[in-house]
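>>> predicted model and sequence follow; I will ask about them next.
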Amino acid sequence: MPPHIKLRLKEGCLPGIASHWDAHKIAILGKVNGLFQGSDTYVNLELKFKLRSSTGRLNYQEEMIVRIHGRQARAVEEMGPATHTWFQQSVERIEEVDHFMASLWQGENEQ
């Protein structure tokens, strides 16, 4: 099984993503592509908008899911040096995407 990371950012952590997405999706996708374009990784960024009816009440929810997978299957279950390096690089890239998105949306809120 290849190494992987799955992040689910709920609305409370990323408020109002829907209102920002259309204006910035091309820049975000370009940033993600640029950071994760290497041959060792593929990434899936998913944005969800949900309307759910429960107990007679309609709820709206937004969430973003990011799945990052290494292309190379691990040779052993323990995290070997190659997997550790992949993991560290992936976390650094995720942090860079997070800061990029926050700066886009913070700048938009200041205008």
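All right, it came through fine.
>>> run through the residues that contact residue 2.
By C-beta atoms under 8 Å, 6 or more residues apart in numbering, residue 2 lies in contact with 69-74. For the C-beta atoms, the positions are set from N, CA and C on the backbone; glycine is no exception.
>>> repeat the analysis, applying 10 Å as the threshold.
Applying C-beta atoms under 10 Å, 6 or more residues apart in numbering, we find residue 2 in contact with 40-42, 69-74, 83, 86.
>>> pull out the buried members of those residues.
Taking 16 or more other C-beta atoms under 10 Å as the criterion, what is buried in the contacts of residue 2 is 40-41, 69-70, 83, 86.
>>> in helices, which of those appear?
The members of those that map onto helices under DSSP state H are 83, 86.
>>> host element of residue 67?
Secondary structure assigned from DSSP states H and E places residue 67 in strand 57-70.
>>> so which bits of that strand are buried?
The neighbour-count check on strand 57-70 (16+ other C-beta under 10 Å) flags 62-64, 66, 68-70 as buried.
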